[in-house]
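S.K.: Requesting a structural model of the entry that follows:
(2 chains)
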Protein chains: 2
Amino acid sequence: MNKFVRNLLTEWRKLNLPLADEAIVVAVSGGADSVSLALALHNLRERKKLNLNFIIAHFNHNLRGIESDKDAEFVKDLAEKLNFKFQISNFKSNLKNQKGNLEQNARNVRYEFLQHLAENELAFAILTAHTKNDQAETLLFNLIRGSGLDGLAGMKQRQKVKGKRQNEFFLIRPLLSWASRADTEKFCYDSEIEFRHDAMNDDLKFSRVRIRKEIIPLLEKINPNVIETLSNTASLLREEAESLQIDEQEVPEILSQDELKKMPKPRQIRVLRAWLLKHRGNLRRLELKHFAAIERLLNSNKSGRIAELPDGQKVLKKDGKLFFEKSTVEKTFLDN
Amino acid sequence: MNKFVRNLLTEWRKLNLPLADEAIVVAVSGGADSVSLALALHNLRERKKLNLNFIIAHFNHNLRGIESDKDAEFVKDLAEKLNFKFQISNFKSNLKNQKGNLEQNARNVRYEFLQHLAENELAFAILTAHTKNDQAETLLFNLIRGSGLDGLAGMKQRQKVKGKRQNEFFLIRPLLSWASRADTEKFCYDSEIEFRHDAMNDDLKFSRVRIRKEIIPLLEKINPNVIETLSNTASLLREEAESLQIDEQEVPEILSQDELKKMPKPRQIRVLRAWLLKHRGNLRRLELKHFAAIERLLNSNKSGRIAELPDGQKVLKKDGKLFFEKSTVEKTFLDN
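M.R.: This is a model prediction of the structure:
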């Protein structure tokens, strides 16, 4: 068995993934990472190690005209060759004219498609082919743009996702902890299978490309194993961040000023966020200034003060306790 | 008042530093950072804002022959001009032939000199002129070489140091939270005071120089404020790391297997480290394999197993409890 295939099988067992009788969606762009994942899964099915219903999913962003169509054609042919089911989404709306970050918007619609598909197929999981390189690049990307511990913590190998209709399924990254981009390319070459090259991966106007093509090679002059090092650090910080996470279910309805003030600052912020999430259902439109207002409330010794939140919501301090107050104006009225 | 001087005074108050009647050692290399710090302190003394006994300390590493001597001469002249006391150490041993990292070794002997001086002068504090740039570079340096949360957490602005003879004093970095290297250079130019340039700061064989001269300029193409961003992240992670710290005094003599197993992994490691520190006095010679052995002990259900540590020390598991066992052989015997 090729080492790449053996490693995938080892990881499959470690992640406790099903060996038979489930549908699994595999996201394939046509690049070396996702092609090698599909290839290795096919290999494991041929060897009767896995008896699963693999569905190759390709999202055509239509960002690069004829090249996008060629990618889609390539992935379709690959699925046929491997005898996997194939699902494609041809995205019509023009991402280039959308507000915000192009890569982020593309990612959002792609994940929506994958989730929709997973729900339709009653799939156990969606697999993506992220590698250690992606993990390292994500850490650097977030570090450069500015981020606390949670942003520096890496992607998870295994993550539960709540679907819109169906109960839930998993998002799994079975290459993340062991495969590098060089490994996936080598496995494709060894298997004499071509892969597609996305020209956007060379466009230095994208920060990610700059990180991959310019920054990481420089870091490698200091530490030749920097991809390994950064991807380990990301996993380590992921463990730290998860051990610190506070579930909104754990937070009481009413907070005690004294208890909050005694907490280390990072924990205080996490408790406040969980508390606001509990009362508001989300953290949308909350800005730094709102947290600063709550902090002033906390540190003042006068009773009966108020911190204003968006939508007429308030945090009220009374007798050393913090109360959340919903807007008295009907929210549906404001939304119209 | 020049903005730089005003900022230093604001920071001085924020850090709660004494305004009079104390000796303060100021480490001055002759570069823009430390020269601007000395200048600004002089300015505050002239304005009667501070009435302190400043001692300029210069460490001559003798790494660059005649240039090192010129630096020393320059700092001596500066101290005279500012009417500050001056102390110099001319280091004789040849750092270049020492084992280990040259910069790290140089740093160690320099801090030893500064501490010795602080004790002799019964000083309240040693000041060093680290800037936001140093903070950002340190984060990157540790990230590239490999480090967990504690290594990514930045330098402290204020830190208690235990002296060898005297009780204790502080190590203070009064520029760290607000001044950039550009600010210190500008203040020197504005004050028409020259500063020395260390040619080793241009030598790309040093990782730090590579980070400063090659990596950060690339990061600035993605985020022009990356120094600010990284230095804020370092402070944030410092708060996280400190909130997680476990003092060896808090850890019981005997650990419960069940309690340890219930902890999130990062906390488990911190508790074990604190526990070993409590029993051993230090963590020297402990390697990954020793922690791995203790982890195997924790996760096995058999009673009465042992994990071996250096120097014949052992961790013993019995009835769901971990005991630390000192070597039965006299340690003084082993050391001879």
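S.K.: Next up, the contacts around the residue in the stretch 101-250 of chain A that chain B sits nearest to.
M.R.: Going by Cβ to the nearest Cβ, chain B is nearest to A:S243 of the stretch 101-250 of chain A, at 3.1 Å. For the C-beta atoms, the positions are set from N, CA and C on the backbone; glycine is no exception. Going by Cβ atoms under 8 Å, 6 or more residues apart in numbering or on different chains, A:S243 touches B:264-267.
S.K.: now do A:Q87
M.R.: For A:Q87, the contact set (Cβ under 8 Å, 6+ apart) comprises A:25, A:55-58, A:117.
S.K.: And A:I211, by the same measure?
M.R.: A:137, A:140-141, A:144, B:222.
S.K.: What about the contacts of A:Q87, which are in helices?
M.R.: Of the contacts of A:Q87, the ones assigned to helices by DSSP state H are A:L117.
S.K.: quick one: which of the contacts of A:Q87 is most hemmed in?
M.R.: A:V25 (29 neighbours; other Cβ atoms under 10 Å in any protein chain shown).
S.K.: distance of it from A:M263?
M.R.: Distance, A:V25 to A:M263, by Cβ to Cβ, to the nearest Å: 42 Å.
S.K.: residues touching A:L140, list them.
M.R.: Applying Cβ under 8 Å, 6+ apart to A:L140 gives the contacts A:211, A:215-216, A:230.
S.K.: Show the residue spans covered by the strands in chain A.
M.R.: For chain A, the strands defined by DSSP state E occupy A:20-27, A:51-60, A:85-90, A:125-127, A:158-162, A:168-172, A:255-256, A:306-308, A:314-318, A:321-325.
S.K.: Could you save those as CSV and add columns showing mean pLDDT and distance to A:S36?
M.R.: Output for those, formatted as CSV (pLDDT from 0 to 100; distance: least, Cβ to Cβ, whole Å):
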stretch, mean pLDDT, distance to A:S36
strand A:20-27, 96, 11
strand A:51-60, 94, 13
strand A:85-90, 90, 18
strand A:125-127, 96, 12
strand A:158-162, 89, 20
strand A:168-172, 93, 16
strand A:255-256, 94, 50
strand A:306-308, 91, 52
strand A:314-318, 92, 51
strand A:321-325, 93, 50
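S.K.: burial count for A:E73?
M.R.: Neighbourhood size, A:E73 [other Cβ under 10 Å]: 15.
S.K.: Stretch A:229-239 vs chain B: in contact?
M.R.: Yes - using Cβ under 8 Å from any Cβ of the partner chain, stretch A:229-239 comes into contact with chain B via A:229-230, A:232-233, A:236-237, A:239.
S.K.: Dump the contacts of A:S243 into a markdown table; add neighbour count as well.
M.R.: Output for the contacts of A:S243, formatted as a markdown table (neighbours: other Cβ atoms under 10 Å in any protein chain shown):
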| residue | neighbour count |
| --- | --- |
| B:P264 | 14 |
| B:K265 | 13 |
| B:P266 | 20 |
| B:R267 | 17 |
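S.K.: Pull the most distant pair out of the residues you listed.
M.R.: B:K265 and B:R267 (7.4 Å; Cβ to Cβ).
S.K.: buried set for stretch A:37-54?
M.R.: Within stretch A:37-54, the residues that count as buried by 16 or more other Cβ atoms under 10 Å in any protein chain shown are A:37-45, A:49-50, A:52-54.
S.K.: How about A:L114, nearest residue that isn't a chain neighbour?
M.R.: A:I126 (5.1 Å; Cβ to Cβ, 6 or more residues apart in numbering or on different chains).
S.K.: hang on, isn't that neighbour packed against A:F113?
M.R.: No - between A:I126 and A:F113 there is no contact under Cβ atoms under 8 Å: 10.3 Å.
S.K.: Which neighbours do these two have in common?
M.R.: A:A57.
S.K.: tell me how far stretch A:244-256 is from the chain's mean position?
M.R.: 24 Å (Cα atoms, centre = their mean, to the nearest Å).
S.K.: Outside of it itself, list whatever touches it.
M.R.: Contacts of stretch A:244-256 with the rest of the structure, by Cβ under 8 Å, 6+ apart, involve A:149, A:266-267, A:270-275, A:277-278, A:320-324, B:240, B:244.
S.K.: one step back: adding distance to chain B, write the contacts of A:Q87 out as a markdown table.
M.R.: Rendered in a markdown table, the data for the contacts of A:Q87 read as follows (distance: Cβ to the nearest Cβ, whole Å):
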| residue | distance to chain B |
| --- | --- |
| A:V25 | 30 |
| A:I55 | 35 |
| A:I56 | 34 |
| A:A57 | 31 |
| A:H58 | 30 |
| A:L117 | 34 |
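S.K.: and which of the contacts of A:Q87 is nearest to B:K160?
M.R.: Among those, and counting by Cβ to Cβ, the member closest to B:K160 is A:V25, at 55.7 Å.
S.K.: what are the ranges of the helices in chain A?
M.R.: Going by DSSP H, chain A shows helices at A:3-14, A:32-46, A:66-82, A:102-120, A:132-145, A:149-152, A:181-190, A:207-210, A:216-222, A:226-244, A:257-262, A:265-280, A:288-299, A:331-335.
S.K.: any idea of the mean pLDDT for the second one?
M.R.: For helix A:32-46, the per-residue pLDDT values average out at 97.
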